[in-house]
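1. Can you look at this prediction? I've put the sequence above it.
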Amino acid sequence: MLSVVVDDTRDPAWNLALDEALARAGVPSPMTLGPGWAGPGPAGDAEGVAPRDVVRSAVEAPVLRVWENGPGIVVGRFQNLGRAVDLAACARDGVSVVRRATGGGALYTEPGCLLFTLVRRLPSADGPAARPGARPDVRPDLDALVATAVQRLGLPARALRGGAVRTARLRTRRAVLTHVAVRVTEECVLGDRYLAEDERPGTETAGGGSLAGHGVEVPPDAVRSAVLAAAVESYGDACPRRPNAIEQACRDHLYAVRYGDFSWHLTGAPVRRGICWEQICR
């Protein structure tokens with residue numbers, strides 16, 4: 001089964017907070033939901049709160065999300081902002097700049113640039129995958145699924161290195177989060193003028209950094225459908241849902257201590273307020 005999370009915000013900081021929450025919101029604890037959360041015991045409680053083993057089973061399925069940002073720059077976790085982005089041009093034109101938790105390079109995003117997230121849980125010490133004789137999960141990661149989908153739409157394999165498709169990852173003790181950006185329209189490439197020259201994707205290959213630049217003239221919905229179809233082929237039936245209460249609480253906490261903090265986006269080191277991000281459940 002594939003859990004497909006649906007959320008309509010185009011605010012880059014909230015989108016990134018939700019993505020990381022999907023990777024970190026396993027069994028709820030004060031570390032994932034903030035210091036005010038106590039939580040039920042292993043068997044639940046009298047208020048009808050689900051026991052932790054039930055909560056764990058609810059989040060074991062791989063989680064896929066397809067989203068878009070408003071106009072803005074998203075930089076990688078370890079990038080030097082001043083070297084990756086033309087901050088003066090961004091300030092002049094009101095272009096937001098945010099930092100994600102995954103690595104990789106800077107990217108200009110806007111509607112027309114589809115962003116995909118896949119969270120795959122790592123086997124726990126007491127889970128089914130850790131039992132003797134259990135088969136390892138050999139299903140393809142998100143970058144392979146997206147590559148399959150866009151090639152079915154007509155993108156040459158060699159063009160995957162031209163900046164139209166970008167990949168980054170975050171690994172925690174409990175999950176692997178993979179980001180893939182697909183620049184569908186030529187308009188989203190125009191925002192590369194806000195990046196430092198060596199950060200601009202697609203300059204080294206003919207066709208530029210978009211599907212349209214390589215002759216694949218398809219709407220974003222066609223790309224979304226193709227990727228979802230490839231994911232269902234590998235992971236099984238897709239079950240759409242909204243973020244659950246645990247994921248929302250973790251998202252809000254991450255926004256409070258990280259993504260809503262200007263110092264995080266500027267330097268990658270948020271100001272410590274109560275429980276800091278390093279303490280968030282890994």
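-> Structure's in. What do you need?
2. From now on I want contacts and neighbour counts done on CA atoms only, so please keep to that.
-> OK.
3. residue contacts, the spatially closest residue to Leu177 that is not a sequence neighbour?
-> The shortest distance from Leu177 to any non-neighbouring residue, by C-alpha to C-alpha, 6 or more residues apart in numbering, is to Val119 (4.5 Å). The contact partners of Val119, by C-alpha atoms under 8 Å, 6 or more residues apart in numbering, come to 22-23, 62-64, 175-178.
4. Please identify which pair of the residues you listed lies farthest apart.
-> The span of the contacts of Val119, defined through C-alpha to C-alpha, is set by Leu64 and Ala175 at 13.0 Å.
5. ok so, going back, pLDDT value on the residue nearest to Leu177, please?
-> For Val119, the pLDDT comes out at 96.
6. ok, the helix or strand harbouring it: who's next to it in the sheet?
-> In this assignment (DSSP states H and E), Val119 forms part of strand 113-121. Counting by DSSP bridges, the strands paired with strand 113-121 are strand 63-67 (antiparallel), strand 175-183 (antiparallel).
7. Tabulate these (a markdown table), appending mean neighbour count, mean pLDDT and distance to Asp137.
-> Below are the strands paired with strand 113-121 laid out as a markdown table (neighbours: other C-alpha atoms under 10 Å; pLDDT from 0 to 100; distance: least, C-alpha to C-alpha, whole Å):
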| stretch | mean neighbour count | mean pLDDT | distance to Asp137 |
| --- | --- | --- | --- |
| strand 63-67 | 21 | 97 | 15 |
| strand 175-183 | 23 | 95 | 13 |
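8. Could you export those as a markdown table, including distance to Leu211?
-> A markdown table is the format used below for the strands paired with strand 113-121 (distance: least, C-alpha to C-alpha, whole Å):
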| stretch | distance to Leu211 |
| --- | --- |
| strand 63-67 | 17 |
| strand 175-183 | 6 |
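9. coming back round to it: out of the contacts of Val119, which comes closest to Met1?
-> Looking across those and measuring by C-alpha to C-alpha, the closest to Met1 is Pro62, at 7.5 Å.
10. Is there a neighbour count for that closest one? I'd like the number.
-> By other C-alpha atoms under 10 Å, 18 other residues sit near Pro62.
11. ok, it - contacts?
-> Per C-alpha under 8 Å, 6+ apart, neighbours of Pro62: 1-3, 118-121, 235.
12. Leu22 now?
-> Neighbour list for Leu22: 63, 119, 247 [criterion: C-alpha under 8 Å, 6+ apart].
13. could those residues go into CSV alongside distance to Val165?
-> Output for the contacts of Leu22, formatted as CSV (distance: C-alpha to C-alpha, whole Å):
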residue, distance to Val165
Val63, 20
Val119, 18
Glu247, 27
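14. now for whichever helix in the chain runs longest, which elements pack on it?
-> What stands out as the longest helix in the chain, according to DSSP state H, is helix 220-235. The helices and strands touching helix 220-235, judged by 3 or more C-alpha pairs under 8 Å, 6 or more residues apart in numbering; DSSP states H and E, are strand 113-121, helix 142-152.
15. Nearest to Val182, out of the ones you listed?
-> Comparing the helices and strands packed on helix 220-235 by C-alpha to C-alpha, strand 113-121 comes nearest, at 5.1 Å.
16. What ranges in the stretch 151-282 of the chain fall below the confidence cut-off?
-> Applying pLDDT under 70 to the stretch 151-282 of the chain picks out residues 201-208, 270-282.
17. Strands along that one, start to end?
-> Assignment of strands within the stretch 151-282 of the chain using DSSP state E, counting those that start in this stretch yields the ranges 165-171, 175-183, 238-241.
18. follow-up on the earlier one: where does the residue nearest to Leu177 sit relative to Val180, distance-wise?
-> 12 Å (C-alpha to C-alpha, to the nearest Å).
19. for the stretch 1-150 of the chain, what spans make up the strands?
-> Counting by DSSP E, counting those that start in this stretch, the strands of the stretch 1-150 of the chain are 2-5, 63-67, 72-75, 96-99, 107-109, 113-121.
20. Tell me which of these is the most buried.
-> Burial of those is given as mean neighbour count (mean count of other C-alpha atoms under 10 Å); strand 107-109 ranks first at a mean of 26.
21. Given that one, what are its sheet partners and their directions?
-> Here strand 107-109 has these sheet partners by DSSP bridges: strand 72-75 (antiparallel).
22. can you list contacts of the partner strand?
-> Contacts for strand 72-75 (C-alpha under 8 Å, 6+ apart): 12, 81, 84, 95-100, 104-110, 194.
23. what about 6 Å?
-> With C-alpha atoms under 6 Å, 6 or more residues apart in numbering as the test, strand 72-75 has contacts from 95-99, 106-109.
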